[in-house]
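S.K.: give me a 3D structure for the following:
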Amino acid sequence: MQSATGAAVATVTSAWSIAAAMRTIRTHRDWLWPCALLTLVAGPAWAAEGGGKGASDAVFIAEIVVLMLVGRLLGEAMSRLGQPSVMGQLIAGLLLGPSFFGLLLPDVQHALFPKNPEQKAMIDGISQFGILLLLLLAGMETDLKLVRQTGRASLFASLMGIVIPFICGVALGEALPDSMLPDPGKRLITSLFLGTALSIASVKIVAMVVREMNFMRRIVGQVILASAIIDDSIGWIIVSIIFSLALHGSVEPMSFAQSIIGTIAFMIASLTVGRRAVFFTIRWVNDHLVSEFAVVTAILCIMGIMALITHLIGVHTVLGAFVAGILVGESPILTRHIDEQLRGLITAFFAPVFFGIAGLTAHLTILADPKIALFTVGLVLVASVGKFAGAFIGAELGGLTRREGLALACGMNARGSTEVIIATVGLSMGALTQDLFTMIVAMAVITTTAMPPTLRWALSRIPMRKEEKQRLEREELEQRGFVPNLERLLIAVDDSPNGKFASRVAGVLAGTHGMPTTVLHIANPSKIESTMPEEPERRPRPPRPRTSPSRRRSTASRTTARTTKRKTKRKTIRKHKKRKKRRKAPARPCSKRRPRSRANRKRKRKSTIRSK
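M.R.: I've put the predicted structure just below:
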């Protein structure tokens, strides 16, 4: 009975996503159904081949292919519905897991995703490395300059949006029964982790909606993005500290102080010395190595080294990957081409696998239990109300209007991929149980799906001020120029005054726009001039023959005749125009005249005769 109820709950939960994906499936049905049938039929054969022998390469490849294929199709369907594609990849994992596919075809599901530790360790390795790459990408999308520009508004909104949900999450963790905790003796660690999960926001999904509504350069859009960036940064610092506390097993003053001091020292060293080291490494690799994708390899190595450093100081590796992404994103050598290469690798391969594995881990069948379902509804309400209230109060303190505060509160209420990553980290470190993990994933899906339409509605109600409109027009005009489209300057100068002036102009351009500049100093300009090809000699033109005096007089008489003809022609044209105007002019309305009497006629005749 319970399994039947769980099947009904899972079917209702995922029915809307299946309906959303039907258009995409119908469009590609000519090649989709053969691939799906081949995967389903070959799955048991691959599992039988590797069964009892440990890990199987064929099953591993089948798992990756299925996760990428189904995740891409559902992500495409969600994108066409105006939702983030990440949610489609997460829902793909939910559908392929025990919540839906395992209830319909349990043998095929167990064959395709076996439970033996050797086979599970292979796909989990890809998933764990995918977490680091996703945080690297999140750090690259973090713009600290935007935080400095928005200033007070984003700082107040972010702090209040973190404090209030964090307190609500800790209170909820303290109210949970012992049966839902991994270890009742470590209740405080679970409560702190729940508070962090409720207080974080997703920068990627917020940026997607703000960019879609053309609010990227408006003040409200920048405040929303900056607040989400601060939320993410503080959230990952808190997660790393909680991980350090979980390793020690209890909240001790010495271990807590050690975690905070180590995290602060790492952040200071990364943002000062580490920034210069990262810039120098990427520039040196870009200038000296000629092999393909050398810069991408350097970025991945930087991420791995910083993740290992955070592991050595006793905090989680996610902090190192996130900070590495921030430093790489600020590097002036990072061109758009390199960014697209790295982003394509992460989005096409690692993101569908990670979110699919997260969906496979969640068991929606537990929502058949009324107690767990009630706690899930309470978790969603506490997360939504706490985040909304905190962000709205912060917007009021930051000086925003009511409508702008409403848009800010709606935008900060999306958890998205960040929440799933945090839940996965908490499950791996033992701070969450399987039931709590499923509840947090369900909360992430519900809040992230509800955020885009509410944020679009709130942004559409915000009018544009006159000063802001003028600023946007000025910035748009500047973007059309030549200088903003430059990525790097190359200038060749010598010791002459012109060379010094050119170097100063290049310094002004590079300094204001943050462009890397390569200066080529020419010590002896004469050598370059000697190697230049000589220009062909130009033959002088023969002088024009002078005209005689008689010819000059005839020319002058011709010019006077032409001018007189032009004047007469203009006069005749003016006369014709005046006549046309008189003809076209409407007759003046006048009253009907009465017939004159004989006496009046005689008087008229006499007056005409006198005048003659």
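
S.K.: what's the pLDDT at the residue most central in space within the chain?
M.R.: In the chain, the residue lying closest to the centroid (C-alpha atoms, centre = their mean) is Ala207, at 4.3 Å. Per-residue pLDDT puts Ala207 at 74.

S.K.: how about the strands in the stretch 401-550 of the chain?
M.R.: In the stretch 401-550 of the chain, the strands defined using DSSP state E, counting those that start in this stretch lie at 489-493, 517-521.

S.K.: closest one to Ala506 among those?
M.R.: strand 489-493 (4.7 Å; C-beta to C-beta). (C-beta placed from N, C-alpha, C; glycine too.)

S.K.: just the residues contacting the closest one, thanks.
M.R.: 499-500, 502-503, 506, 509-510, 515-522 (C-beta atoms under 8 Å, 6 or more residues apart in numbering).

S.K.: closest to Ile393 among these?
M.R.: Met515 (40.9 Å).

S.K.: the closest one and Phe388, how far apart?
M.R.: To Phe388, Met515 is 41 Å away according to C-beta to C-beta, to the nearest Å.

S.K.: got it, and Phe156?
M.R.: Counting by C-beta to C-beta, the gap from Phe156 to Phe388 is 15 Å.

S.K.: same deal with Phe375?
M.R.: 20 Å.

S.K.: what do you get for Ser154?
M.R.: 17 Å.

S.K.: more crowded one of those two?
M.R.: Taking other C-beta atoms under 10 Å, Ser154 and Phe388 do not tie; Ser154 has more neighbours (28 against 20).

S.K.: how about the helices in the stretch 301-450 of the chain?
M.R.: Assigned by DSSP state H, counting those that start in this stretch, the helices in the stretch 301-450 of the chain fall at 317-329, 336-345, 351-361, 370-397, 402-411, 416-429, 434-460.

S.K.: and Asp232, which of these is closest to it?
M.R.: Using C-beta to C-beta, those put helix 416-429 closest to Asp232, at 6.4 Å.

S.K.: as CSV, could you dump the C-alpha coordinates of that closest one?
M.R.: In CSV, the C-alpha atoms belonging to helix 416-429 read as follows (Å, rounded to 0.1, in the frame of the first residue of the first chain):
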residue,chain,number,x,y,z
GLY,A,416,18.6,26.1,-7.8
SER,A,417,21.8,24.2,-8.4
THR,A,418,23.6,25.8,-5.4
GLU,A,419,21.1,24.2,-3.0
VAL,A,420,21.6,20.8,-4.6
ILE,A,421,25.3,21.1,-4.3
ILE,A,422,25.0,22.0,-0.6
ALA,A,423,22.7,19.1,0.0
THR,A,424,25.1,16.7,-1.7
VAL,A,425,28.0,18.0,0.4
GLY,A,426,25.9,17.6,3.6
LEU,A,427,24.9,14.1,2.7
SER,A,428,28.6,13.1,2.0
MET,A,429,29.9,14.6,5.3
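
S.K.: which helices and strands does it pack with?
M.R.: Contacts defined by 3 or more C-beta pairs under 8 Å, 6 or more residues apart in numbering; DSSP states H and E place helix 416-429 against helix 85-96, helix 117-140, helix 187-199, helix 203-212, helix 219-248, helix 351-361, helix 434-460.

S.K.: per-domain residue ranges of the chain.
M.R.: According to automatic domain parsing, the chain comprises the domains 1-115, 116-469, 481-524.

S.K.: now the second one, how far from the chain's geometric center?
M.R.: What separates the centre of domain 116-469 from the centre of its chain is 14 Å, taken as C-alpha atoms, centre = their mean, to the nearest Å.

S.K.: end to end on it, go ahead and measure it.
M.R.: Distance across domain 116-469, first residue to last, is 61 Å (C-alpha to C-alpha, to the nearest Å).

S.K.: enumerate the positions of stretch 264-281 that are buried.
M.R.: Judged by neighbour count (16 or more other C-beta atoms under 10 Å), stretch 264-281 contains these buried residues: Phe266, Ser270, Gly274, Arg275, Val278, Phe279, Thr281.

S.K.: tell me which residues touch the third one, please.
M.R.: If I follow you right, that is Gly274. Counting by C-beta under 8 Å, 6+ apart, the residues that Gly274 touches are Met306, Val323, Leu327.

S.K.: do the first one as well
M.R.: If you count contacts by C-beta under 8 Å, 6+ apart, Phe266 has them with Ile309, Thr310, Ile313, Val315, Leu319, Gly320, Val323.

S.K.: if we can go back for a sec, take the buried residues of stretch 264-281 and keep only those in strands.
M.R.: If you go by DSSP state E, the buried residues of stretch 264-281 have nothing in strands.

S.K.: now the contacts of Gly274 in a markdown table, with neighbour count and pLDDT?
M.R.: Converted to a markdown table, these look like this (neighbours: other C-beta atoms under 10 Å; pLDDT from 0 to 100):
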| residue | neighbour count | pLDDT |
| --- | --- | --- |
| Met306 | 26 | 92 |
| Val323 | 30 | 89 |
| Leu327 | 23 | 90 |
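
S.K.: from the contacts of Phe266, which is closest to Glu63?
M.R.: Distance to Glu63, by C-beta to C-beta, is smallest for Gly320 among the contacts of Phe266, at 28.0 Å.

S.K.: how close does Leu188 sit to Ile326?
M.R.: As defined by C-beta to C-beta, Leu188 lies at a distance of 30 Å from Ile326.

S.K.: please name the nearest non-neighbouring residue to Leu472.
M.R.: Spatial nearest neighbour of Leu472, excluding adjacent residues (C-beta to C-beta, 6 or more residues apart in numbering): Arg217 at 6.0 Å.

S.K.: mind checking the SS state of that neighbour?
M.R.: Following DSSP: H, G, I helix; E, B strand; the rest coil, Arg217 is assigned to coil.

S.K.: returning to that earlier point: out of the contacts of Gly274, flag the one nearest to Asp369.
M.R.: Nearest to Asp369 among the contacts of Gly274 is Val323, at 40.5 Å by C-beta to C-beta.

S.K.: please report how far the closest one lies from Ala201.
M.R.: According to C-beta to C-beta, Val323 and Ala201 sit 18 Å apart.

S.K.: next one: Asp495
M.R.: As for Asp495, its distance to Ala201 is 55 Å (criterion: C-beta to C-beta).

S.K.: the two - which one has more neighbours?
M.R.: Higher neighbour count among Asp495 and Ala201: Ala201, with 30 against 11, using other C-beta under 10 Å.

S.K.: sec struct for the more buried one, please.
M.R.: Per three-state DSSP, Ala201 ends up coil.

S.K.: that one contacts Ala409, doesn't it?
M.R.: No: applying C-beta atoms under 8 Å, one finds Ala201 not in contact with Ala409, separated by 11.0 Å.

S.K.: what is in contact with the two at once?
M.R.: Counting by C-beta under 8 Å, 6+ apart, the residues touching both Ala201 and Ala409 are Lys387.

S.K.: quick revisit: okay if I get the helices of the stretch 301-450 of the chain as CSV plus distance to Gly88?
M.R.: Listed next are the helices of the stretch 301-450 of the chain as CSV, based on distance: least, C-beta to C-beta, whole Å:
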stretch, distance to Gly88
helix 317-329, 24
helix 336-345, 18
helix 351-361, 9
helix 370-397, 20
helix 402-411, 21
helix 416-429, 12
helix 434-460, 11
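
S.K.: appreciated, that's everything.
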